[in-house]
Structure formats: structure tokens, C-alpha cells
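Enquirer: I'd like to go over a predicted model; first the sequence, then the structure.
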Amino acid sequence: MSMHDTITPAGSVIAFLGGGAMAGALIQGLIRAGVNPERIRVAEPVEGQRRALTERYGVLVFAANGEAVRGADVVVVAVKPGVVAGVLDEVSGSLASGTLVISIAAGVTLATLAAHLPAEQPLARVMPNTPGLVGAGISVLLAAPGCSVAQRILARRIMEAMGLVEEIEQESLMDGITALSGSGPAYVYLIAEALSDGGVASGLPRPLADRLAIRTLLGSARLLEESGLHPGVLKNQVTSPGGTTIAGLEVLERSGVRGALMGAVQAACQRSRELGKK
């Protein structure tokens with residue numbers, strides 16, 4: 001690699017269990033950060049997906065989970081939540097005692113993960129989100145008590161390949177995090193679609209309406225982040241007395257948009273709690 005790998009210790013191997021979209025985003029980010037693709041392994045049961053991973057990233061692929069994790073320094077669990085337990089049972093005998101296991105499976109608790117791993121296996125749970133596909137994600141990291149400081153830093157550096165990382169100490173926060181940043185992109189896409197539809201209803205051509213909606217959301221989020229101002233302050237700056245913006249805001253308030261978005265996050269949080277108990 002032309003870039004220097006500043007993420008992982010020299011010669012270390014990262015193995016992925018599952019080669020889907022989120023795994024692909026993380027692999028792409030790691031390679032972009034300088035990790036040699038020859039030090040990345042992926043266990044993926046679908047032959048076509050294995051071929052695509054090799055062609056796209058140059059990583060080593062395996063059909064068998066156990067082969068991929070053998071000798072790995074870090075294992076990223078990137079399979080569907082419902083199959084996590086079975087996959088971990090399958091590979092637990094192939095893990096070295098110091099291998100760091102990072103799970104990005106939504107709703108799967110540290111206790112559940114630990115129950116299917118050898119005792120005292122270093123473990124971290126992470127909730128990423130789909131903007132990580134373009135390096136603009138935010139991941140929330142929860143390290144198990146057995147993680148060393150070095151392993152915690154390593155987990156953070158790996159996840160930073162997809163964007164920003166927040167660390168928490170309370171696992172009880174994970175359901176709310178899943179509801180806000182995990183499910184949140186879908187709410188934003190719905191808003192973008194609705195804004196574009198409103199533009200079309202106002203006579204704009206669809207391609208122009210789409211571009212305006214996207215850039216309005218993107219620019220507004222960037223201004224919100226970089227200005228450090230409260231959303232209400234920025235909203236007021238756009239809102240002139242008796243103008244167009246206040247006319248639109250009045251409709252949004254009458255329609256209960258604020259309460260609907262709050263309710264969406266709360267409903268998603270409740271559903272996350274329910275899924276975590278299954």
C-alpha cells in the first residue's frame with residue numbers, strides 16, 4: 001500500500017464474518033486508511049459475493065467462518081443479528097485468547113455475545129449507520145470490561161474508517177442510539193423525498209427538485225455542525241416576519257411533524273428493546 005497503516009499494529013490480520021454492505025463499507029474505509037487488503041479476510045457463504053469482494057477490494061475470502069478467523073487479531077461480526085449466536089458458536093474454538101471481537105450486529109447485547117465466546121474474550125459492541133458507506137457515518141462504541149485500553153483504541157480506530165465514533169459506558173443507551181442514528185437515515189430520506197415532491201407540486205422538474213432537496217439537507221446539516229448554533233437559532237435566522245418560511249413552518253407545526261419525528265425515534269427505540277429480548 002502507498003499509504004501508511006495508522007490503524008492496526010504491524011502485520012495484524014482483520015477477519016470479517018459476513019461480507020454485506022456494512023462490512024464492505026468498513027473494508028473500503030480500512031483500505032483507504034492504508035490497511036493492506038491482503039491482511040483482511042472475509043467469511044462469506046455466497047460465492048458471487050466472495051468473488052465481488054475479491055475483485056473490488058483484493059481481500060482474501062473464505063467460505064468457512066472458522067478458516068477466516070484462525071490467527072486473526074481482530075474479528076468483526078457483520079452478519080444478521082439472528083445468526084450471530086450460531087456463527088460465534090462455530091468460530092469460538094478457532095479464536096486466539098487475545099483476539100478482539102467487534103460486533104456491529106444491531107440489538108445483540110454484550111451478554112449474548114459473551115455467552116457464545118470463550119471466557120474473557122476481548123469484546124466490543126458497535127452501532128454504525130449507513131452513511132458510513134460514503135465515510136460520513138457515526139458509530140457508537142461500547143467496550144466490554146475485559147477490553148484493554150489498547151484494544152479499545154484499536155476498536156475505535158477501526159470504526160473511524162467509516163466516520164466519527166462516539167464511546168459510551170452504558171449499554172442501556174444502545175436502544176436509543178439504534179433508534180436515532182441507526183434508523184435515523186431512513187427518516188431523513190423520507191424528508192428528502194417529501195421535499196422533492198413538494199418542489200414538483202410547486203412546478204419544479206423532478207431532477208432539479210431532487211438536487212435542491214439533497215443539497216438543502218446536506219448544507220443545512222453541515223452548517224448546523226460547523227456553526228455550533230442551536231437548531232432553533234438557525235431556524236429563526238431563515239424565518240422572516242410574514243415571509244415564506246414561517247408560512248411553511250406553520251403547516252409543519254399544525255401537522256405535528258415535530259411530534260411525529262420524536263414519536264418515530266421512540267417507537268424505534270421500543271422495537272429495539274423488544275428485539276433485544278428475543
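Expert: Great, that's in hand.
Enquirer: What ranges does the stretch 1-150 of the chain have for its helices?
Expert: When secondary structure is read from DSSP state H, counting those that start in this stretch, the stretch 1-150 of the chain shows helices at 21-32, 47-57, 65-69, 84-91, 110-115, 149-159.
Enquirer: Quick check: which of these is nearest to Glu225?
Expert: Glu225 lies closest to helix 149-159 among the helices of the stretch 1-150 of the chain, at 19.1 Å (C-beta to C-beta). (C-beta placed from N, C-alpha, C; glycine too.)
Enquirer: Any chance of the helices of the stretch 1-150 of the chain in JSON lines with mean neighbour count as columns?
Expert: Converted to JSON lines, the helices of the stretch 1-150 of the chain look like this (neighbours: other C-beta atoms under 10 Å):
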{"stretch": "helix 21-32", "mean neighbour count": "21"}
{"stretch": "helix 47-57", "mean neighbour count": "14"}
{"stretch": "helix 65-69", "mean neighbour count": "21"}
{"stretch": "helix 84-91", "mean neighbour count": "19"}
{"stretch": "helix 110-115", "mean neighbour count": "16"}
{"stretch": "helix 149-159", "mean neighbour count": "19"}
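Enquirer: Tabulate those (TSV), appending distance to Leu275 and mean pLDDT.
Expert: Shown next, in TSV, are the helices of the stretch 1-150 of the chain (distance: least, C-beta to C-beta, whole Å; pLDDT from 0 to 100):
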stretch	distance to Leu275	mean pLDDT
helix 21-32	17	93
helix 47-57	25	93
helix 65-69	23	93
helix 84-91	12	95
helix 110-115	12	95
helix 149-159	22	94
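Enquirer: Please tabulate the ones you listed in a markdown table, including the columns distance to Ala124.
Expert: Listed next are the helices of the stretch 1-150 of the chain as a markdown table, based on distance: least, C-beta to C-beta, whole Å:
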| stretch | distance to Ala124 |
| --- | --- |
| helix 21-32 | 13 |
| helix 47-57 | 23 |
| helix 65-69 | 16 |
| helix 84-91 | 14 |
| helix 110-115 | 8 |
| helix 149-159 | 4 |
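Enquirer: Surely Ala96 is in contact with Gly71?
Expert: Yes: contact criterion C-beta atoms under 8 Å: Ala96 and Gly71 qualify, at 7.1 Å.
Enquirer: where do the strands sit along the stretch 151-278 of the chain?
Expert: For the stretch 151-278 of the chain, the strands defined by DSSP state E, counting those that start in this stretch occupy 163-167.
Enquirer: so who does Val42 touch?
Expert: 15-16, 18-19, 23, 27, 50, 53, 59-62, 68 (C-beta atoms under 8 Å, 6 or more residues apart in numbering).
Enquirer: returning to that earlier point: nearest to His230 among the helices of the stretch 1-150 of the chain would be which one?
Expert: Closest of the helices of the stretch 1-150 of the chain to His230 is helix 149-159, at 28.3 Å (criterion: C-beta to C-beta).
Enquirer: Mind exporting the C-alpha coordinates of the closest one to CSV?
Expert: Output in CSV follows, covering the C-alpha atoms of helix 149-159 (Å, rounded to 0.1, in the frame of the first residue of the first chain):
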residue,chain,number,x,y,z
VAL,A,149,-7.1,0.3,26.7
ALA,A,150,-5.1,-0.6,23.6
GLN,A,151,-7.9,-2.8,22.4
ARG,A,152,-10.5,-0.1,23.0
ILE,A,153,-8.3,2.3,21.0
LEU,A,154,-7.9,-0.3,18.2
ALA,A,155,-11.7,-0.8,18.0
ARG,A,156,-12.2,3.0,17.8
ARG,A,157,-9.6,3.4,15.1
ILE,A,158,-11.1,0.6,13.0
MET,A,159,-14.6,2.1,13.2
